[in-house]
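Engineer: Give the three-dimensional model of this entry:
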Amino acid sequence: MGRWICCPCSRVAGSLMLLLVLALSCNPSTAATASPSAPHIKPSYSFGRTFLGLDKCNACIGTSICKKFFKEEIRFDTWLSSHLKLPPSYLLSYSGNYTDDAKSWRLVDITRLTSKYRHDRADKRICTSLLKTRTCSLERALRRTHRFQKWLRAKRLTPDLVQGLSSPMLRCPSQRLLDRIVRRYAEVPDAGSIYMDHLTDRDKLRLLYTLSVNSHPILLQIFPDVEGWPFPRYLGSCGRLVVSASTRPLRDFFGSAPEVAADLALQLLAVLRSMGTNDLNYFFYFTHVDGGTFGVFSNGHLFIRDASTLGIIDKEEGSQLIDDQQEYKDIFSCLTVDCQSAFVSCDSIGEKHSLVMVCQELLPKLLKGKFLQPVQGQIDSFLQRCADGFTDDQGVNEAVAKLTELLKPLRSCDSRFAYRYPDCKYSDKY
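Structural biologist: Numbers count the residues shown, from 1 in each chain. Below is the predicted model of the structure:
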């Protein structure tokens with residue numbers, strides 16, 4: 001519900017009538033009859049710690065953007081009614097609006113690390129397995145674990161501290177990757193060092209919890225869009241909510257026009273190439289893809305929307321965990337997945353792993369029935385060859401090269417593709 005605030009004015013001297021007008025302007029019951037100069041109603045959200053997940057901290061992501069929620073500089077755009085009711089807490093993600101100056105607003109995605117059901121089930125598991133109670137202080141319970149006690153003593157984040165965590169990003173960790181996590185961790189003010197001296201006990205628990213539940217926000221922080229990485233910008237977190245730049249999921253474009261589908265397919269293939277070969281010598285691969293894994297900005301640019309299934313292999317250092325270390329399990333290993341789930345060996349990930357998955361799951365839905373024959377038949381044939389390529393890297397390369405060659409002239413150059421327009425009018429590069 002809205003709240004009335006009567007601001008003190010400059011020194012008032014005068015008549016009883018002036019005092020009466022001032023009194024009426026500050027009284028909600030008489031506001032309807034007040035003059036046009038009466039204060040404007042300023043409705044506000046009734047934010048609760050439970051909705052944001054602040055009541056669960058420090059088993060949460062962080063608090064870096066909480067002020068913007070409470071100052072109403074982040075708003076849920078679908079619920080901008082006169083009462084400004086909060087959306088249902090069971091949703092996994094929300095569309096919102098974000099401002100820095102209260103004048104210009106931009107779209108953002110507000111997401112949870114996992115569903116409320118899974119969060120609740122994990123919270124219950126922490127209490128029952130560690131303290132033998134149905135409810136408890138999550139922080140107190142997690143602080144008592146052997147893993148977190150090792151984190152408290154550690155000066156540096158090393159592979160043994162993340163062994164057994166379910167995140168694909170940490171299945172094949174190198175020291176170089178772990179140093180990057182600590183150095184670029186955005187939920188603390190003094191990031192920049194590979195040593196954890198600048199992290200408080202609270203910060204360490206939040207980082208460990210985030211890595212255990214869903215590494216998506218960490219990936220957005222350590223591989224930022226401003227450096228050319230294909231991820232949406234990380235804006236901050238509050239409790240168990242993450243705020244990032246908004247994208248529309250790729251599934252929304254499965255029914256798009258042929259020239260749009262061709263453009264997105266080419267972007268998708270380009271993103272996968274960049275994730276396999278980049279200046280930092282990290283090899284990124286997906287353990288799962290679907291219509292929500294990739295997203296499209298309003299300018300037509302395609303990005304990785306959900307990085308939760310993204311694994312990383314350091315081609316420079318390699319993995320510094322051996323297989324039996326990967327099989328180590330504790331409460332942090334089982335917060336969102338079945339503890340019996342088997343890890344994929346780092347050595348089993350092929351170079352074309354993600355390309356094959358995309359050819360199987362996404363490109364057919366994006367390109368099916370979009371073009372005239374014989375072009376459509378050729379596209380379908382190369383897609384099938386790519387999809388069958390788990391055992392034939394060379395065949396995948398050839399199929400993707402032919403597919404790229406077919407799709408390029410099917411794109412168009414107009415304002416719908418603002419990320420490359422008008423440059424595409426003057427250069428074949430775009």
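Engineer: List the buried residues for stretch 50-70?
Structural biologist: By neighbour count on 16 or more other CB atoms under 10 Å, the buried set for stretch 50-70 is 51-54, 56-66, 68-69. C-beta here means a position set from N, CA and C on the backbone, and glycine is covered the same way.
Engineer: after the helix or strand of the chain with the lowest mean pLDDT comes which helix or strand?
Structural biologist: The helix or strand of the chain with the lowest confidence, counting by mean pLDDT, DSSP states H and E, is helix 16-25 at a mean of 38. Moving toward the C-terminus from helix 16-25, the next helix or strand (DSSP states H and E) is helix 49-52.
Engineer: what helices or strands is the helix or strand that that following helix is followed by leaning on?
Structural biologist: Following helix 49-52 in sequence order, the next helix or strand is helix 66-70 (DSSP H and E). Helix 66-70 is packed against strand 234-238, with contacts defined by 3 or more CB pairs under 8 Å, 6 or more residues apart in numbering; DSSP states H and E.
Engineer: The strand it packs on pairs with which strands?
Structural biologist: strand 241-245 (antiparallel) (DSSP bridges).
Engineer: Could I have the CA atoms of the strand it pairs with written out in CSV?
Structural biologist: Only the C-alpha atoms of strand 241-245 are listed here, as CSV (Å, rounded to 0.1, in the frame of the first residue of the first chain):
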residue,chain,number,x,y,z
LEU,A,241,17.3,-12.7,-6.5
VAL,A,242,19.7,-11.8,-9.3
VAL,A,243,19.2,-8.8,-11.5
SER,A,244,20.7,-8.7,-15.1
ALA,A,245,20.1,-7.1,-18.4
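Engineer: Can you list the buried residues in the biggest helix by length in the chain?
Structural biologist: Scanning the chain for the helix with the most residues, using DSSP state H, yields helix 258-276. For helix 258-276, burial by neighbour count (16+ other CB under 10 Å) applies to 258-269, 271-272, 275-276.
Engineer: ok, and what's touching it?
Structural biologist: With CB atoms under 8 Å, 6 or more residues apart in numbering as the test, helix 258-276 has contacts from 230, 250, 253, 256, 283-285, 294, 296, 300-304, 351, 354-355, 358, 362-363, 366-367, 370-371, 400, 403-404, 407-408, 410-412, 416-417.
Engineer: quick one: contacts for the nearest residue to Ile313 once chain neighbours are set aside?
Structural biologist: Among residues not flanking Ile313 along the chain, Phe283 sits closest, at 4.4 Å (CB to CB, 6 or more residues apart in numbering). Phe283 sits next to Met275, Gly276, Ile312, Ile313, Asp314, Lys315, Ile349, Glu351 when contact means CB under 8 Å, 6+ apart.
Engineer: Phe283 and Leu403, how far apart?
Structural biologist: Going from Phe283 to Leu403 by CB to CB, to the nearest Å gives 22 Å.
Engineer: ok, which stretches of the stretch 151-300 of the chain are helices?
Structural biologist: Assigned by DSSP state H, counting those that start in this stretch, the stretch 151-300 of the chain shows helices spanning 159-162, 175-183, 201-213, 216-222, 258-276.
Engineer: One more: the stretch 301-430 of the chain?
Structural biologist: Counting by DSSP H, counting those that start in this stretch, the helices of the stretch 301-430 of the chain are 323-326, 353-361, 363-367, 375-387, 393-407.
Engineer: how about those helices in a markdown table, adding mean neighbour count?
Structural biologist: Formatted as a markdown table, these follow (neighbours: other CB atoms under 10 Å):
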| stretch | mean neighbour count |
| --- | --- |
| helix 323-326 | 14 |
| helix 353-361 | 22 |
| helix 363-367 | 20 |
| helix 375-387 | 18 |
| helix 393-407 | 17 |
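Engineer: Just give me the lowest mean pLDDT stretch among those helices.
Structural biologist: The minimum mean pLDDT among the helices of the stretch 301-430 of the chain belongs to helix 323-326 (a mean of 52).
Engineer: Ramachandran coordinates for the closest residue to Thr50 other than its chain neighbours?
Structural biologist: Nearest residue to Thr50 in three dimensions, chain neighbours excluded: Ser89, at 7.5 Å (CB to CB, 6+ apart). Per-residue torsions, Ser89: phi -80, psi -10 (degrees, to the nearest 10).
Engineer: Is Ser89 in contact with Phe51, as I believe?
Structural biologist: Yes - proximity of Ser89 to Phe51 meets the contact threshold set by CB atoms under 8 Å, at 5.4 Å.
Engineer: Give me the pLDDT for Asp338.
Structural biologist: For Asp338, pLDDT reads 68.
Engineer: Next: Leu220.
Structural biologist: pLDDT, read off for Leu220, is 97.
Engineer: Could you measure from the closest residue in space to it that isn't next to it in sequence over to Thr309?
Structural biologist: Among residues not flanking Leu220 along the chain, Tyr234 sits closest, at 3.8 Å (CB to CB, 6+ apart). According to CB to CB, Tyr234 stands 18 Å off from Thr309.
Engineer: These two: which has the busier surroundings?
Structural biologist: Tyr234 (24 against 20; other CB atoms under 10 Å).
Engineer: tell me the contacts of that one?
Structural biologist: Ala186, Pro217, Leu220, Gln221, Pro224, Val242, Ser244 are the contacts of Tyr234 under CB under 8 Å, 6+ apart.
Engineer: Alright, I will stop here.
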